[in-house]
Each structure stands twice: as structure tokens, then as C-alpha cells.
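S.K.: below are the sequence and a predicted model for it; my questions follow.
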Amino acid sequence: MMVDPTSALVVAGIISVVLAVTFWPRIGIAARWRRLSRNSRRTRIEDALKHLYDYEYKRLVCTHQSISGALAISTDESVRLLSRLEALGLLRLEGEGFVLTDEGRSYALRIIRVHRLWERYLADETGLAETDWHQEAEVKEHRLTVAEADALAAQMGNPRFDPHGDPIPTAAGELPKPKGQPLTSLAQGDVAEIIHIEDEPAIVYAQIVAQGLSPGMRIRVLASTKERIRFEADGVENVLAPITAANITVIPLASETSVEGAHESLARLQPGEEATVIGISKACRGLQRRRLMDLGVIPGTVIRTEMRSASGDPTAYLIRGATIALRKKQARMIHIERKNGMRHERQN
């Protein structure tokens, strides 16, 4: 049987193209697959090192089970992963659990440094939602080099803490010892300052964010039971379940310490009242902070509450001759001083 030369050439050409697309060095499918596989293995190794360091920092025992739960992998996979880390000299078995070697600890701190620097960048320089910072940083931490991380830190003025209140490891791998205690440990009447908010699990963090809470806020516990913890922050009452409140770390203050300091938030201003802006909360960052400043929300600006929507949120404010609608969460971040404590009477 004769083979048509043209058909044979076409078939050969197709096969050559397929082989080239598949096996071409660096850019072929096989090369990309190998890189993806290597990156996936490295990502899992780095996530495991972060978990090990987190447990070490909190003085907990890291086991196959804790790795399995943290990385959402099977117990068999966690055993293989830990064995690989041990073979690489990054951890060792000690007692009933695993601990990092000096090399493993140094590696873990590099990843943690990149993660927290990137969260700081997202908080201060972008308009990304607060609940998305952690997930974005989880991706970036595996891609940023040490040199790029150092450059990012220098660009931001070498910040010491991420937006959740976690300390950022220095380039030399130094990190202060943990301090503070959970909000759930406070009793009725206790005053404290929030120094850290845990961003995992995401569903719990989202509840805390929805309350407008952030590191640096002073709180006073109004009531504490097994079912709920009621407390005041920036003049607003908050209620959290203990399982949620446990993700907030605080430092107790003297009981006579003022919760609000010398200010209260714009959210407390009633329709017809006016006040002078004395500042914007540090929790207001990035594009949101710049937008408020562009609207004229700067120290010395007089703001008058015009009207509230039917639902109570948002509220319309008169700012430098323009009526601006602000959500309660935004208004809570604007610190004010009432004008002589008097209600403003609108002129006709």
C-alpha cells in the first residue's frame, strides 16, 4: 500500500509540533508541569515550616495530626512531608512532637517576614478588603525573594508590625517574645488595649472585622459570660461569642484609664450636631484613608451630621460644603471633638 508523501509530511509535522510543545526546554508543557510540581512541593514545605514555627512560638507541640489539619492534607501525606523536612535537616523529632532546627527556623522566619510585610503593604498602599489581605499574602510569600522583601520593607520604612498586630521578623530573623492575653480572660470592668487580632480562621476574622475592631483600640468589658462578651470600644458597644473573642489579644490597662481618650468617633454624632475632626484612626489605611483626606476629613475640619438613611447606615454628613454619605464603619474611624458639646441649630 502506497503512502501519500504529502500526508506523511503533514502527519510528521503535526507530531513534531506536538513533541516540541510538550518537551521544549523551559517553555514546553512538560517543563512547565515540572516547575509547577516543584513549586507546589516547595509551597507545602514552606507552609509546614510556618506551622512548625507558629506552634513553637506559642509553645505548643507540633505533630503529624496538627500538620495534617493546618495544611488540609491526609495523615499519610503529613508523615511523608515531615520525613522530607527531617531529611532536609529542617526539623527533628523531640519528645512527642517535632521542632525546627536552626536552619529550619531561619527558613520559616524568612517566609513569615515576607507574609507580614506583604500584608502591611496591602493594608497601607491598596484598597484591598481587609478580609483578603491574608489570602493574598499567602500567595505572595512563596514568590517574593529575600532581596525583594528587603526592598519592600525599606520602601515602607521598615515597619515593625503587620496590620493585625503581629511583629514582623527583622532581616536578621529577630522576633520579640509573644505578649498579651486573650480578651476572654478579662472580667467585667477591666480596661485593655487590643494589640493583636488573629486572621485565621477566616470566618472568625470576618466577624471581628465586621465589628470595626483593630489593634490599638482601647476597650472596657461591660459583661462577660460563657455565652457572650460585651464590651465598649471607641464609644460603641460590641458583643462577641467567646470563641470569637479568643482571637483578640489584649494588654490590660489601669481600670481608671479612659477607653476613648480625648476623642469619640463621628459615628456617635446625631443629626443636627457638628464637631471638629481631630484625626483618623490608624486602622483606616491605604486608599480608604486617602479618600477621606481628599474629601477634606483632616484635623480642624468641621463636620455636621445631616441625616441618616432609613436603615441607619449610611449617614449623610456636610463636609466642607459638600454632602457626603459615609458608612458607620468609616465614621467610626474618624475621631472628633464636639463643638462646646452643644447641638447645632441649622440656619434657615
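M.R.: Happy to help now that I have it. Residues are numbered from 1 along each chain as shown.
S.K.: all the strands of the stretch 201-348 of the chain, residue numbers only.
M.R.: Along the stretch 201-348 of the chain, counting by DSSP state E, counting those that start in this stretch, strands occupy 218-224, 229-233, 236-240, 248-253, 264-265, 273-280, 302-308, 315-319, 322-326, 334-343.
S.K.: let me see the mean pLDDT of stretch 83-94.
M.R.: If you average the pLDDT over stretch 83-94, you get 94.
S.K.: and it, which residues are buried?
M.R.: 85, 90-91 (16 or more other Cβ atoms under 10 Å). Glycine gets a C-beta too; all of them are placed from N, C-alpha and C.
S.K.: and those, which of them are in strands?
M.R.: Leu91 (DSSP state E).
S.K.: out of the strands of the stretch 201-348 of the chain, which gets nearest to Glu119?
M.R.: Nearest to Glu119 among the strands of the stretch 201-348 of the chain is strand 248-253; the distance by Cβ to Cβ comes to 16.5 Å.
S.K.: helices or strands up against that closest one?
M.R.: Counting contacts by 3 or more Cβ pairs under 8 Å, 6 or more residues apart in numbering; DSSP states H and E, strand 248-253 packs against strand 181-182, strand 191-197.
S.K.: export stretch 241-248 as PDB, just CAs?
M.R.: The C-alpha trace of stretch 241-248 is given here as PDB (Å, rounded to 0.1, in the frame of the first residue of the first chain):
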ATOM      1  CA  ALA A 241     -19.100  34.900  71.400                       C
ATOM      2  CA  PRO A 242     -16.100  33.700  73.500                       C
ATOM      3  CA  ILE A 243     -14.800  31.500  70.600                       C
ATOM      4  CA  THR A 244     -14.500  34.700  68.500                       C
ATOM      5  CA  ALA A 245     -13.200  36.900  71.300                       C
ATOM      6  CA  ALA A 246     -10.400  34.400  72.000                       C
ATOM      7  CA  ASN A 247      -8.900  35.500  68.700                       C
ATOM      8  CA  ILE A 248      -8.300  39.000  70.100                       C
END
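S.K.: what sits up against that stretch?
M.R.: 182-184, 194, 196-198, 204-205, 207-208, 213, 226-229, 240 (Cβ atoms under 8 Å, 6 or more residues apart in numbering).
S.K.: again, but for stretch 302-319
M.R.: Residues external to stretch 302-319 that are found in contact with it (Cβ under 8 Å, 6+ apart): 266-267, 269-277, 295-297, 301, 323-328, 331, 334, 336, 339, 344.
S.K.: ok, stretch 207-215 next?
M.R.: For stretch 207-215, the surrounding residues in contact (Cβ under 8 Å, 6+ apart) are 130-131, 161, 163-165, 194-197, 233-234, 236, 238, 240, 244, 247-248, 281-283, 328-329, 332-333.
S.K.: repeat the analysis, applying 6 Å as the threshold.
M.R.: Stretch 207-215 is contacted by residues 130-131, 165, 194-195, 197, 238, 244, 283, 329, 332 when judged by Cβ atoms under 6 Å, 6 or more residues apart in numbering.
S.K.: buried set for that stretch?
M.R.: Residues 207-209, 211-215 are the ones in stretch 207-215 that count as buried (16+ other Cβ under 10 Å).
S.K.: take these and write them to CSV, including distance to Glu125.
M.R.: Shown next, in CSV, are the buried residues of stretch 207-215 (distance: Cβ to Cβ, whole Å):
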residue, distance to Glu125
Gln207, 26
Ile208, 23
Val209, 19
Gln211, 25
Gly212, 21
Leu213, 22
Ser214, 17
Pro215, 18
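S.K.: lowest-confidence one in these?
M.R.: Among these, Gly212 has the lowest pLDDT, at 81.
S.K.: average pLDDT for stretch 144-158?
M.R.: The average pLDDT for stretch 144-158 rounds to 92.
S.K.: ok, and for that stretch, which residues are buried?
M.R.: 144, 149-150, 152-153.
S.K.: thanks a lot, catch you later.
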